[in-house]
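Trainee: Using only what follows, build the 3D model:
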Amino acid sequence: MGNGETRVRGIAARAGGWSARHRWAAVGIWVLFVVLAMGLGSAAGRVDVKDSDQLSGETHTAARIIEDAGIEEPAGETVLVQAEDGGLKATDAEFRAAVTAVMAAVEDTGEVTGVSSPYDTKTISRDGRSALVQFDMRGEADTAGERVEPVLKAVEGVQEEHGSLRIEEIGSASMMKTFDDAFGDDFKKAEYSAVPVALGILLVAFGALVAALVPVALAITAIMATMGLMGLVSHFQPMSETANSVMLLVGLAVGVDYCLFYLRREREERAAGRDAQTALRIAAATSGRAIVVSGVTVCVAMAGMLFTGIAEFEAMGLASLMVVAVAMVGSVTVLPALLSLLGERVEKGRLPFLRRRRKDGAAEGSRFWTAVLDRVLAKPVLAAAVATGALLAVAAPALGMKTQNLTLDQEFGDSLPIVQTYNRVNEAFPGGSDPAEVVVKADDINAPEVRDALAEFRERAVGSGASRGPVDVVMHDERNVALVYVPLVGGSDLDKAGESLERLRDEVRPATFGEVDGVEAPITGQVAGSKDFNDQIVGSVLPVFVFVVIFAFALMLLSFRSLTIALTSIVLNLLSVGAAYGILVAVFQHGWGASLVGAEGVGAIISWLPLFLFVILFGLSMDYHVFVVSRIREARLRGRTTGDAIRHGVVTTAGVVTSAAVIMVAVFAIFGTLSMQSMKQMGVGLAAAVLIDATVIRGVLLPAVMALLGERNWYLPKWLHRLPDLTHDESPEAVVTAARDDEGERGERGERIGV
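Mentor: From the prediction side, this is the model:
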């Protein structure tokens, strides 16, 4: 055996060494794993989150009652018939003729049922200029968008015959179709364009096609394997399309980053004169270890979403956790095997026109960060104060953050005709397009006291000022359930509509249904769903925050054996997240510079985004932090002073951190180009945070703080010395010695090792 004093001890180093020696076996095992995962996942099928499980509070209770009762709520549609010039009234013959024509046209399609006249349902506006023809789509509500086209065409035909009136259709089916047509393909293109964007940046970074393809190939195979695993896991924790999209983004980001870290270190060591095998061993012991520490930390951060109690978040958290774990394992196992197999061929496909630019670019990058560090390390107090002050100033708007589920007009602005229809319906019939729905469940829905409570509720809902009516009741006698639809005063203004909802829940309901024993009457609907979801998210913030911060702190403490490093890591990451929040609020809530990113100041941040961003950003920012700090600590252990170690660590990692950050920013920015404001918010928030993290945090604040702390960076109280030692640090010299010892021993046994 080799010298135990110099033998590489780390898990990543041992895994990399084994893979390099058994390269075909390592590649074969990885391919088999990916194929098996995809095959088993496809055979098992995927179970998606139910609508009732995505909701919380009263909204969840209402959905459960409807689901348990077996009530299939159809996709409701509405046709607005409105006098444009104000000359006609609903009582005029021409207006009545148009209403009759609409009813006949939609019925003739054979796709609708329950067509009702506004003259029977009293859905005529107060000024008499607008009326609503209401009906339901036949078949399942989830697929109604696929069948609504003939109905839309029929309504368009009536519009052509009555030019003096505005005749427009809106409803869940028509909105479903419109969104799918306008944004479904757009969203998919954004996902698919992420891969070529990443590949293009890697081509510029490496200047060689093979070297650029390796990280992308490994990231894609990790994503493919995870998609299969999601199918298997979904039978225990249901998944969703959103979880799939988030998994793809996270998988591409960390998969490419991890390979980039590993490949850059291997090339750096070879450029320093190491032979291929030794360079690979050093990369495994250094960058490989940083990947493991980063991967485990990111997994812990993603696991924080499991504490929200919201099925959609749990699905996103579990899917992200799995893809990070798979990418991490692939990076420290199959990547060394691939590099061992490729050898010098990793430089194949070199782009001649990038050769000189790439070298110059690297030198310029080194000179740039050297110049920055000269100033930072010369005046660390000033640098830390300026950087911290700037980040706090950027984060300040976050103190006034307002979250809510975005309404249709907030989400899409005026980019779609149906949004204008939505606004016109809400103006003429406040709350009519998104009424509150009271789900009344009783032992006997036809009992006199229940009937009386229903009648009194309808009366008090209008009398209290929560609604202007009409309040409609749909009875399901055989299931002992009644559905009460209440248009809320405030309409699409969620603040005012929220006040109406509170009045219904806190005043009207207790005075009516609350007086009858055995009656459940949860209130749901868009406004109620937004409020309940917001409340659930707010209630989840503290447990998620505590879990992520405590476990990330513990992992950093064990991985670096330094209380100081662990504390500063948490603080710096929180500053980065805070700055991202501030940018989000400034741009999307207050509208400052919104036009620069093609956005609009919608007055609020979508409810799920702050918690989602915290978990994702806290995890992803650890990529850079662990990588940079690992390089600084490595240099310090090799005998450099703390100042020299900081300079060496930041400058030598500047290229890879910059490349990784550019890839992440570019991928996330793609989602900032979509028309949906929620996707813009996510894309801009993630891109801005990564940019801040890779520049201000890692390039200025981290070296400034570490320079101020000096030797205190490595402080570990004596009472913590008993903690498990997970450092397994190996200097390149130790790895070289271990490699020589190992080679000598293998030579004695007549074994031949090749790279």
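
Trainee: residues near Asp535, how many?
Mentor: 14 (other C-beta atoms under 10 Å). Using the backbone N, CA and C atoms, a C-beta is placed for each residue, glycine as well.

Trainee: does it really touch His60, like I thought?
Mentor: No. Using C-beta atoms under 8 Å, Asp535 is not in contact with His60, being 11.5 Å away.

Trainee: And Ala194, how far from Leu620?
Mentor: Distance check for Ala194 against Leu620: by C-beta to C-beta, to the nearest Å, it reads 15 Å.

Trainee: before we move on, what about Val102?
Mentor: The separation that Val102 has from Leu620, given C-beta to C-beta, amounts to 52 Å.

Trainee: Could you do Arg638 as well?
Mentor: 29 Å.

Trainee: For these two, indicate the residue with more neighbours.
Mentor: Leu620 (28 against 14).

Trainee: my read: the more buried one touches Ala253, true?
Mentor: Yes. Contact status for Leu620 versus Ala253: in contact at 6.5 Å, counting by C-beta under 8 Å.

Trainee: Quick check: phi and psi on Glu520?
Mentor: Phi and psi for Glu520, reported as degrees, to the nearest 10, are phi -100, psi 140.

Trainee: Name the nearest residue to it, ignoring sequence neighbours.
Mentor: Lys441 (4.3 Å; C-beta to C-beta, 6 or more residues apart in numbering).

Trainee: which strands and helices sit next to the helix or strand in which Tyr422 is found?
Mentor: Secondary structure assigned from DSSP states H and E places Tyr422 in helix 417-428. Applying 3 or more C-beta pairs under 8 Å, 6 or more residues apart in numbering; DSSP states H and E, one finds that helix 417-428 makes contact with strand 76-83, strand 130-137, strand 165-171, helix 172-179, helix 408-412.

Trainee: which parts of the helix or strand just after the first one are buried?
Mentor: Elements were assigned by DSSP H and E; along the chain past strand 76-83, the next helix or strand is helix 93-108. Residues of helix 93-108 classed as buried: 95-96, 98-99, 101-103, 105-106 (neighbour count, 16 or more other C-beta atoms under 10 Å).

Trainee: now swap in stretch 35-49 and tell me
Mentor: 37-38, 41, 46-49.

Trainee: So which of those belong to helices?
Mentor: Counted as lying in helices by DSSP state H, out of these, are 37-38, 41.

Trainee: quick one on the thing from earlier: may I ask you to confirm that the residue nearest to Glu520 is in contact with Phe513?
Mentor: No. Look at Lys441 against Phe513 with C-beta under 8 Å: they stay out of range, at 9.9 Å.

Trainee: any common contacting residues for these two?
Mentor: 519, 521 (C-beta atoms under 8 Å, 6 or more residues apart in numbering).

Trainee: Now mean neighbour count too, for the helices and strands packed on helix 417-428, in TSV please.
Mentor: As requested, these are exported to TSV (neighbours: other C-beta atoms under 10 Å):
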stretch	mean neighbour count
strand 76-83	24
strand 130-137	24
strand 165-171	23
helix 172-179	22
helix 408-412	20
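
Trainee: would JSON lines of the buried residues of helix 93-108 with pLDDT be doable?
Mentor: Below are these laid out as JSON lines (pLDDT from 0 to 100):
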{"residue": "Phe95", "pLDDT": "91"}
{"residue": "Arg96", "pLDDT": "92"}
{"residue": "Ala98", "pLDDT": "91"}
{"residue": "Val99", "pLDDT": "92"}
{"residue": "Ala101", "pLDDT": "92"}
{"residue": "Val102", "pLDDT": "92"}
{"residue": "Met103", "pLDDT": "93"}
{"residue": "Ala105", "pLDDT": "92"}
{"residue": "Val106", "pLDDT": "90"}
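
Trainee: Just give me the closest of those to Ile201.
Mentor: Val106 (51.5 Å; C-beta to C-beta).

Trainee: what sits against the nearest residue to the closest one once chain neighbours are set aside?
Mentor: Leaving aside its sequence neighbours, Val106 sits nearest to Val112 (C-beta to C-beta, 6+ apart; 5.1 Å). The contact partners of Val112, taken as C-beta under 8 Å, 6+ apart, are 77, 106, 135-138, 151.

Trainee: Likewise for Arg46?
Mentor: Arg46 neighbours (C-beta under 8 Å, 6+ apart): 230-231, 234, 239.

Trainee: Keep only those of these that are in strands.
Mentor: Judged by DSSP state E, strands contain none of the contacts of Arg46.

Trainee: Could you tell me which of these count as buried?
Mentor: 230-231, 234, 239.

Trainee: would you turn the helices and strands packed on helix 417-428 into TSV with mean pLDDT and distance to Lys379?
Mentor: Formatted as TSV, these follow (pLDDT from 0 to 100; distance: least, C-beta to C-beta, whole Å):
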stretch	mean pLDDT	distance to Lys379
strand 76-83	90	66
strand 130-137	90	68
strand 165-171	89	61
helix 172-179	83	54
helix 408-412	74	46
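
Trainee: Can I get those in a markdown table including distance to Gly649?
Mentor: Shown next, in a markdown table, are the helices and strands packed on helix 417-428 (distance: least, C-beta to C-beta, whole Å):
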| stretch | distance to Gly649 |
| --- | --- |
| strand 76-83 | 61 |
| strand 130-137 | 62 |
| strand 165-171 | 58 |
| helix 172-179 | 48 |
| helix 408-412 | 44 |
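
Trainee: Nearest to Thr308 among the ones you listed would be which one?
Mentor: Closest among those, once you apply C-beta to C-beta, is helix 408-412, at 22.2 Å.

Trainee: Would you mind listing where the stretch 351-500 of the chain has pLDDT under the threshold?
Mentor: 352-366, 414-415, 431-433, 491-492 (pLDDT under 70).

Trainee: any idea whether the nearest residue to Glu268 once chain neighbours are set aside is helix, strand or coil?
Mentor: Closest residue to Glu268 apart from its sequence neighbours, by C-beta to C-beta, 6+ apart: Thr652 at 7.4 Å. Secondary structure, DSSP: H, G, I helix; E, B strand; the rest coil: Thr652 is helix.

Trainee: So what's the residue count around Ile565?
Mentor: So Ile565, with other C-beta under 10 Å, has 23 neighbours.

Trainee: so what's the residue positioned nearest the centre of the chain scoring on pLDDT?
Mentor: What sits nearest the mean C-alpha location of the chain, by C-alpha atoms, centre = their mean, is Val246, with 5.0 Å. The model reports Val246 with a pLDDT of 82.

Trainee: Helix or strand: which one has it?
Mentor: Per DSSP H and E: helix 241-271 holds Val246.

Trainee: residue ranges for the helices of the stretch 601-750 of the chain, please.
Mentor: Applying DSSP state H, counting those that start in this stretch to the stretch 601-750 of the chain gives helices spanning 609-637, 642-671, 677-692, 702-709, 732-748.
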